[in-house]
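Trainee: A predicted structure for the sequence below; I have some questions about it.
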Amino acid sequence: MNVVLAVGGGIAAYKSAIVVRELQRGGAKVRVVMTKAAQRFIGSATFAGLTGEKVVTSLWEHPGEIHVELGNWADAIVVAPATMDLLAKAAAGLGDDPVLATLSCAKGQVFFAPAMHWRMWERPSTQRSVATLTADGATMIGPDSGPLASGESGLGRMSEPEAIAAAVLAAGRGADLKGATVLVSAGPTHEDLDPVRFLGNRSTGRMGFAVAAVAASRGAKAILVAGPSALPTPPGVERVDVRSARDMEAAIRAHLASADAVVMAAAVADYRPADTADEKIKKSEGGKSLALVRNPDILAGLGAGREGDRPVLVGFALETSDAPAKARAKLERKKVDLVVANLAKHGFGGEENEVTLVDAEGDETLPRSSKRAIAHAICDRIAARLAS
Ligand code: C5P
């Protein structure tokens with residue numbers, strides 16, 4: 001795999017040398033391009049020594065169009081550290097330095113590992129840059145929470161070099177799910193009370209949509225059973241829209257025979273109204289109580305009905321405390337292969353999450369990452385199980 005490491009001008013640039021080493025340890029060939037500001041933080045000689053290649057620090061020192069050559073050469077470009085300034089310029093499509101010009105010619109996947117003070121990260125303009133770049137197909141790695149250069153602690157630390165390299169290398173594995181069918185559920189379910197009212201929840205569907213998108217990008221046939229969600233269908237994904245938990249169960253069961261893996265990322269309602277009124281329920285004086293009945297637990301049903309170890313079953317556990325421990329109990333109770341545990345305060349709505357992968361071998365807590373990067377980690381586990 002050919003990787004261009006683009007170094008931005010932040011103090012975390014000193015850690016970028018380790019990103020090079022980790023990428024090389026994973027078998028990647030690495031070339032480095034730096035902004036002017038980056039060279040204030042770390043010398044190009046360090047990267048030249050590590051890569052054995054001339055480091056690109058200017059657009060004017062090369063006879064040809066170096067940004068085009070690098071863009072063609074790279075299977076992946078990773079910007080680490082990605083400063084607020086670089087994110088904004090890249091989102092706006094500027095190209096007046098070697099890093100931006102190389103990004104503008106990217107043929108392969110693009111990753112950003114943001115690093116900045118927490119207040120810079122929280123700025124609406126920074127979040128707009130991140131949203132634009134993500135919508136354009138780039139993947140954010142981090143940032144993490146922890147001590148910042150200012151002496152404060154907060155969200156904005158560059159992810160650890162090992163995590164950055166792992167995310168890039170995972171993407172480079174390419175079509176490792178070719179030939180497999182991955183069935184994914186996503187979003188909330190809506191349980192109707194009457195023709196205009198329902199019981200629902202705040203799930204947006206982002207995590208499940210990311211899993212389906214990543215599975216498809218890695219060569220799988222991805223079937224996405226989506227509860228009500230405003231998200232667009234990711235490229236290459238077959239989408240089946242459903243409404244209630246029972247609709248979702250029927251759609252999952254209809255596709256089960258062809259599935260090599262099932263990822264239940266949906267926030268399925270545990271209860272539905274005992275009755276659905278045909279006419280709009282009229283208000284009356286005083287309170288009203290609602291009789292609820294249990295919905296089927298789709299995932300537990302798949303676990304109980306499975307003979308052998310196919311399809312691979314992945315569940316989610318959204319908890320308000322002790323997520324990994326509760327996820328382990330869920331792993332055993334629902335007889336599944338992997339549970340992705342997260343705390344409600346991290347999980348809902350955003351582009352990012354902080355999760356622990358829980359399986360029979362142990363727990364692995366991933367650094368705070370984009371849902372796309374988490375989807376890659378889940379697909380890594382699925383690919384490993386399908387290969388065994
Ligand atoms: O037990 P809990 O609802 O926390 O389990 C969450 C996991 O189980 C998720 O993977 C979710 O998609 C799945 N689930 C299900 N059917 C339900 C409730 C949850 O498949 N009725």
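Mentor: Good, I have the coordinates.
Trainee: Report how many residues lie close to G205.
Mentor: 22 (other Cβ atoms under 10 Å). All C-beta spots, glycine's among them, are computed from the backbone N, C-alpha and C.
Trainee: Next up, the contacts around it.
Mentor: A186, G187, P188, A226, G227, S229, L231, A266 (Cβ atoms under 8 Å, 6 or more residues apart in numbering).
Trainee: which among these are in contact with the ligand?
Mentor: Residues shared between those and the neighbourhood of the ligand are A266 [Cβ under 6 Å from any ligand atom].
Trainee: Pick out whichever of the contacts of G205 sits closest to the ligand.
Mentor: A266 (4.7 Å; Cβ to the nearest ligand atom).
Trainee: H190 is in contact with the closest one, correct?
Mentor: No: assessed by Cβ atoms under 8 Å, A266 is found out of contact with H190, at 11.6 Å.
Trainee: Can you name the residues of the chain sitting close to the ligand?
Mentor: 245, 264, 266, 268, 270, 295, 297-299, 315-317, 330.
Trainee: buried subset of the residues you listed?
Mentor: With burial judged by 16 or more other Cβ atoms under 10 Å, the buried subset of the residues of the chain next to the ligand is A245, M264, A266, V268, N295, D297, I298, L299, G315, F316, A317, K330.
Trainee: The fourth one contacts M248, correct?
Mentor: I take that to be V268. Yes: between V268 and M248 there is a contact under Cβ under 8 Å: 6.4 Å.
Trainee: list the residues that contact both of those two?
Mentor: S185, T189, G227, I298.
Trainee: my guess is the third one contacts A266, does it?
Mentor: Read it as G227. Yes: the pair G227 / A266 is scored as a contact, 5.6 Å apart, by Cβ under 8 Å.
Trainee: Pull up the overlap in contacts between the two.
Mentor: Common neighbours of G227 and A266 (Cβ under 8 Å, 6+ apart) are S185, A186, G187, P188, T189, S203, G205, M248.
Trainee: now the fifth one: how far from A269?
Mentor: If you measure T189 against A269 using Cβ to Cβ, to the nearest Å, the figure is 5 Å.
Trainee: re earlier: which ones among the shared contacts of G227 and A266 lie within strands?
Mentor: Assigned to strands by DSSP state E, the following of these qualify: S185, A186.
Trainee: want to throw the shared contacts of G227 and A266 into a markdown table with distance to N342 and pLDDT?
Mentor: Output for these, formatted as a markdown table (distance: Cβ to Cβ, whole Å; pLDDT from 0 to 100):
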| residue | distance to N342 | pLDDT |
| --- | --- | --- |
| S185 | 16 | 98 |
| A186 | 15 | 98 |
| G187 | 16 | 97 |
| P188 | 16 | 98 |
| T189 | 19 | 98 |
| S203 | 12 | 93 |
| G205 | 15 | 96 |
| M248 | 21 | 98 |
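Trainee: No further queries at this time; thank you.
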